[in-house]
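>>> quick one: sequence plus predicted model below, questions after.
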Amino acid sequence: MSAIVLQTQHLTKRYGKLTAVKDLTLEIYEGEVFGFLGPNGAGKTTSINLMCGLLEPDSGQVLVRGKPIHNGDAENRSRVGVCPQNIVLWERLTCFEQLQFMGQMYGLSARQAGQNSRRLLEELDLVEKSGQLARTLSGGMQRRLNVAMALVHDPEIVVLDEPEAGLDPQSRVKVREYIQSLARRKTVILTTHNMDEAERVADRIAIIDHGELLVLDTPECLKRRLGEGDVVEIRLLNGHADPAGVKEAACRALSAISQDVQYDPAGGLLRVRALNAVGRLSGLVESLAEAGLQPGEVQVRANTLEDVFIQLTGRRLRE
Amino acid sequence: MKLWLVARKCILELLREPQLLALILVTPLFFMLITAVGYSSPRLATYRLAVYDPDGSGEALVEQIEAARYADGRPVFKITRVDDPQAVDRVLKDQTAALAVDFSQGDVGIRGDATSMAFTRASLALENLLGTALAEQSGEPQWIRVEEQALDASGAQTEFDAYAPGMMIFAILLIIPQTAMILGRELRWGTLRRLRLTPLKTWELLGGVSLSQMAIAVAQVSVLFLAALVMGFHNRGSLLLAIGLGLILSFSAIGMGFVVAGFSHKDSDALNTGSVFTMLQVFISGAFFPMPSEPLFKIAGHGLGFFDLIPATHGMLALQQVLSGGAGWSQVAFRATAMLLLSLVYFGVGAWVFRRFHMRADGRRSGRCIRLC
């Protein structure tokens, strides 16, 4: 097993009566991409701010390579590079100037900071904009520069808070590829709302809500926790009349195929989890028809991380 | 050194923001121009007199009045002769004459508006002149004699000479909103949080910002000094000493900028609050007009009042003494020292406030705090 680079131990942070982070304990290993998921207001950004030392916990501690991050140790703090959710740049500095400036703020020599800056500009397809003021860049370029700013001092741990937010598809692909390229070279902590992105790039995923860690595992294990098999979604044409009756009838009709049947009356959507769903699809539809339910559109898909997320955090809208 | 890098960054950003740069330099220049236009008259003015002498009995005295000259050769009085008593009233009401001299009653009558500063000054000069002439005529001693003494050729000074240093003080005090705005912008952009993640220490950040602002102060004093010369300012002192005084004052202005930024969350708040601080100090310091100040206590023979708690008050007096009065270091040492000590206090308080509110990890509890420096 890889070495632990970052640990949170019983981390708690309160704002008045609100507990933003509650007893968060986790370990992040060297070279892994660690996905940090949660709905809006779940405590992700607070956790990130605690992990990089911008916030002080009310209790608990954060250890980077076994040393507390909140002890003012400059070297320890330099092990972490943070790419915040918002674009944070000096508008009137050029791309190169601000990268070099940040590198020097982390203690690099002008030469080393300059070398790192040039390399990052190249890796993130910004080399042609090197001498351009940040304010004149497009949103996608600014976002890429924002990522580069977190990496210019070559940190061991990179925290990327929603790095794909507001990006066009081309820039999104570029940033995703870049994050994937960082894997193994660096430890990446990634917060995102994009489940596909998390599933694709993260080695392990933590889901938090209301400040509490709900689960922490690999994406595959998380999906397995929901149950084996695929998900069949059937939109019922006559499903709106009596939701309780519809669900009962569906459960009875499908009892031989699946014990995991859910019904969402709002969309008239019946969700059935079953092994070998494709092979049993015609039987499933026939059983429903025999029970007096009229299946309309049918969709079969594999379990996704989004299913896990919704299962754990519910469907209620946040913020 | 990181301090230099921060200073360089601030100056680079300023140079790339022409509107702000223009505002910093043009606003005081504009005020300087207004002052030059409004106060261009000499401090020792040529007073206009109306003479009513129907029978010519005062002719010898009138000739002496006309012949009176200041040390620089300018006439003290300019005479207009009037033919009737109504005309005397008219010229006084019209303010085309500061005073009227009436020889019609067999003596010398001086008439004028007692509330007029020009009347007070002109009558004093005239009384002295006539007193000497009459004493000579009668052979009797002159019991009271007013002796004028030109201080460093002050006779050639204009009101503009007195107020031009005030415009330099105003320019330096503009550093308050400017400093506050620079830091407020770092707050709004989130770049201050970015910097807080680095090992950059508070004193390096604030030192860098201060250096950049002090460089601006030097530029402001130099540009305004040159502009003042072009506009007719009679310089008597050392530009280098003036720059030195400006630098000391800029130190306090930067400190106040830190205080304002400490209580602000974005640049617009910082700019507005900082501007209020600037204007208050500009008026209190006497940069625009002299402020009455009752001495509360004395230090080293200098009476100090409430307004002397503001470094700009000392700055204004010192700069006026240097540039208008030709004073050297020894003559302004007390003011400069007072200004330096006060500036250090202001700077210290400002740095503490800013660090307290913006440079420490959030979430202090039970006296525990994270010091990022």
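That came through, no problem.
>>> drop to CA atoms for contacts and neighbour counts, all remaining ones
OK.
>>> give the contact list for B:Val6.
By Cα atoms under 8 Å, 6 or more residues apart in numbering or on different chains, B:Val6 lies in contact with B:Glu204, B:Leu205, B:Gly208, B:Val209.
>>> ok, of those residues, which come out buried?
B:Glu204, B:Leu205, B:Gly208, B:Val209 (16 or more other Cα atoms under 10 Å in any protein chain shown).
>>> now the contacts of B:Val6 in TSV, with secondary structure?
Output for the contacts of B:Val6, formatted as TSV (DSSP: H, G, I helix; E, B strand; the rest coil):
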residue	secondary structure
B:Glu204	helix
B:Leu205	helix
B:Gly208	helix
B:Val209	helix
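>>> shaky segments in chain A?
Judged by pLDDT under 70, chain A has its weakly predicted residues at A:1, A:71-72, A:226-228, A:239-241, A:314-319.
>>> please enumerate the strands of it.
Using DSSP state E, the strands of chain A run over residues A:4-15, A:18-29, A:33-37, A:59-64, A:67-68, A:80-83, A:157-161, A:187-191, A:204-209, A:212-217, A:230-236, A:260-264, A:269-274, A:295-302.
>>> now the closest residue to chain A within the stretch 1-150 of chain B, nearest residue through space, not along the chain?
Closest to chain A within the stretch 1-150 of chain B is B:Glu13: 5.4 Å, counting by Cα to the nearest Cα. Nearest non-adjacent residue to B:Glu13, counting by Cα to Cα, 6 or more residues apart in numbering or on different chains: A:Arg92, 5.4 Å away.
>>> hang on, the earlier thing: look up how far A:Leu126 lies from the residue of the stretch 1-150 of chain B closest to chain A.
21 Å (Cα to Cα, to the nearest Å).
>>> and these two? which has more neighbours close in?
With neighbours defined as other Cα atoms under 10 Å in any protein chain shown, B:Glu13 and A:Leu126 compare such that A:Leu126 has more, 22 against 17.
>>> chain B contacts on the stretch 101-250 of chain A?
A:Phe101, A:Met102, A:Gln104, A:Met105, A:Tyr106, A:Gly107 (Cα under 8 Å from any Cα of the partner chain).
>>> can you add neighbour count and give the residues you listed back as a markdown table?
Listed next are these as a markdown table, based on neighbours: other Cα atoms under 10 Å in any protein chain shown:
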| residue | neighbour count |
| --- | --- |
| A:Phe101 | 24 |
| A:Met102 | 22 |
| A:Gln104 | 23 |
| A:Met105 | 25 |
| A:Tyr106 | 25 |
| A:Gly107 | 20 |
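>>> which of those fall in helices?
A:Phe101, A:Met102, A:Gln104, A:Met105 (DSSP state H).
>>> now the closest residue to chain A within the stretch 101-250 of chain B: which helix or strand?
Here the stretch 101-250 of chain B gets closest to chain A at one residue, B:Pro199, 4.8 Å apart by Cα to the nearest Cα. B:Pro199 belongs to no helix or strand when assigned by DSSP states H and E.
>>> residues contacting the most far-flung residue of chain B relative to its centre?
The C-alpha centroid of chain B is most remote from B:Asp55, which lies 49.5 Å away (Cα atoms, centre = their mean). Going by Cα under 8 Å, 6+ apart, B:Asp55 touches B:Ser104.
>>> give me the three-state assignment for it.
Assignment for B:Asp55 (three-state DSSP): coil.
>>> A:Leu288 and A:Ala253 touch, don't they?
Yes: judged on Cα atoms under 8 Å, A:Leu288 makes contact with A:Ala253 at a distance of 6.0 Å.
>>> in the chain, which residue is most central in space?
I went with chain A, as the question did not name one. Geometric middle of chain A (Cα atoms, centre = their mean) lands on A:Thr192, at 3.2 Å.
>>> that's the wrong chain, I wanted chain B
Nearest to chain B centroid, counting by Cα atoms, centre = their mean: B:Gly166, 2.0 Å.
>>> could you measure from the closest residue to that residue other than its chain neighbours over to B:Phe170?
Spatial nearest neighbour of B:Gly166, excluding adjacent residues (Cα to Cα, 6+ apart): B:Ala287 at 3.9 Å. Distance from B:Ala287 to B:Phe170, counting by Cα to Cα: 7 Å.
>>> in contact with the closest residue to B:Asp84 other than its chain neighbours, which residues?
Nearest non-adjacent residue to B:Asp84, counting by Cα to Cα, 6+ apart: B:Tyr52, 7.0 Å away. Counting by Cα under 8 Å, 6+ apart, B:Tyr52 makes contact with B:Arg81, B:Val82, B:Asp83, B:Asp84, B:Pro85, B:Val88, B:Ala100, B:Val101, B:Asp102, B:Phe103, B:Ser104.
>>> and B:Tyr52, its phi and psi?
phi -110, psi 110 (degrees, to the nearest 10).
>>> mind checking pLDDT for it?
Note for B:Tyr52: predicted pLDDT of 92.
>>> return the member of the contacts of B:Val6 nearest to A:Gln294.
B:Leu205 (69.6 Å; Cα to Cα).
>>> right, and that closest one touches B:Leu3 too?
Yes: using Cα under 8 Å, B:Leu205 makes contact with B:Leu3 at a distance of 6.2 Å.
>>> what about B:Ser343, neighbour count?
Neighbours of B:Ser343 (other Cα under 10 Å): 24.
>>> sec struct for the nearest residue to it once chain neighbours are set aside, please.
Nearest non-adjacent residue to B:Ser343, counting by Cα to Cα, 6+ apart: B:Ser252, 4.1 Å away. Under three-state DSSP, B:Ser252 falls in the helix class.
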